[in-house]
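Trainee: one predicted model, sequence on top.
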Amino acid sequence: MSYPKTRLRRLRYNPLLRDLVRETQLSTNDLIYPLFVCEGENIKNEIPSMPSQYQLSIDNLLLECKRAISKGIKSILLFGIPKVKDEEGHLACSQSSIVQKAILEIRKENLDILVIADVCNCEYTTHGHCGTIVDGDVDNDLTLITLAKQAVSLAQAGADIIAPSDMMDGRVAAIREALDNAGFLKIPILSYAVKYSSAFYGPFRDAAQSSPKFFDRKTYQMDTANSSEAIREIQEDLNEGADMIMVKPALSYLDIIYRVKQYSHVPVVAYSVSGEYAMVKAASEKKWIDQMSAAMEIITSIKRAGADIIITYYALRDSRFFK
Ligand code: PBG
């Protein structure tokens, strides 16, 4: 059958009918809200390149978690901004490190929220790289030692999910083994399996003070031009025991999200990163686009491409937009 018997517009006239036939639904169940925690008290520093996002001290982080819960958000992803850094990120492996302290407080207050702990060294090293530097490059196997230690320490503090974002080879196996040896058999690993070397992380690096002081991250993060390599990355991480996998960034990688979803049977998470947020913010501040319509269109496209779960700085913006 075709036109004039077929008229595709028939299903578009009535808004209730449009709701009925909508193929992609967004829910607060699917969203993860990223948060930056820093030392001190009563601190709420707005991040210049990410308007309405803040570096929060633990007291304010607890308030933000409560706000998230009141809006139906069930998961947060925590990043730490420590006062002191060292060469190898050892400071990230202690219960007195900023993210561990924050998680301990969230647990003390019995907040009904899932805490996902990012595992990486870049926020904790003086040089800003994601691992230990040997001969001018990040040494893969030495870095696995600090990552595994950091992961166990975060689990001890009460993290619900461990999310390594460093892109070292073998980190999922190293972290799984360390967690199991420490008795954390029930703690899942959400691996940043497919993480590109992207310009869209710029605002995050301002927020987390984690820009590399020399070189770039191209020897460990993926080349933005590659697609089949993404499948190799997820194969490796699934073999090593990843429970969930992530594609990051999201908006410029919808083809990758689609491909990864077709290939794998584990939950696929997509991270709509700081630069994606900043673009929408900046254009909407100039009144060139409508902020929430654009943000929702982007989140919908990420879900439509195949992501089961979306990490977005817009998670709390307006729960009217989510079911
Ligand atoms: C750290 C990390 C980064 C992001 C999440 N974890 C930055 C990077 O790799 O430089 C970026 C998140 C964002 O841009 O919103 N390994």
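Mentor: Now that the structure is in, tell me what you want to look at. Computed from a predicted model, the values in this text were never measured in an experiment.

Trainee: spell out which parts of the stretch 201-323 of the chain neighbour the ligand.
Mentor: The stretch 201-323 of the chain comes close to the ligand at residues Y201, F204, R205, S210, V273, S274, as judged by C-beta under 6 Å from any ligand atom. All C-beta spots, glycine's among them, are computed from the backbone N, C-alpha and C.

Trainee: now the first one: how far from A208?
Mentor: Right, the one you point to is Y201. Between Y201 and A208 the distance is 9 Å, computed by C-beta to C-beta, to the nearest Å.

Trainee: elements contacting whichever strand or helix holds I234?
Mentor: For I234, the host element (DSSP states H and E) is helix 228-240. With contacts taken as 3 or more C-beta pairs under 8 Å, 6 or more residues apart in numbering; DSSP states H and E, helix 228-240 sits against helix 171-181, strand 190-195, strand 244-248, helix 254-263.

Trainee: okay, these, which one's buried deepest?
Mentor: Mean neighbours per residue, mean count of other C-beta atoms under 10 Å, is largest over the helices and strands packed on helix 228-240 for strand 190-195, with a mean of 27.

Trainee: neighbouring strands - and their directions - for it?
Mentor: Applying DSSP bridges, strand 190-195 is found paired with strand 244-248 (parallel).

Trainee: so how far is the partner strand from its chain's centroid?
Mentor: With C-alpha atoms, centre = their mean, to the nearest Å as the basis, strand 244-248 stands 9 Å off its chain's centre.

Trainee: and the residue of the stretch 1-150 of the chain nearest the ligand?
Mentor: Residue nearest to the ligand within the stretch 1-150 of the chain (C-beta to the nearest ligand atom): C120, separated by 3.8 Å.

Trainee: what about that residue, how many residues nearby?
Mentor: A count of nearby residues for C120, using other C-beta atoms under 10 Å, gives 28.

Trainee: residues contacting E285?
Mentor: E285 sits next to P51 when contact means C-beta atoms under 8 Å, 6 or more residues apart in numbering.

Trainee: tell me the mean pLDDT for stretch 212-229?
Mentor: Across stretch 212-229, the average pLDDT comes to 93.

Trainee: end-to-end on it?
Mentor: End-to-end distance of stretch 212-229 (C-alpha to C-alpha, to the nearest Å): 24 Å.

Trainee: no further questions, thank you.
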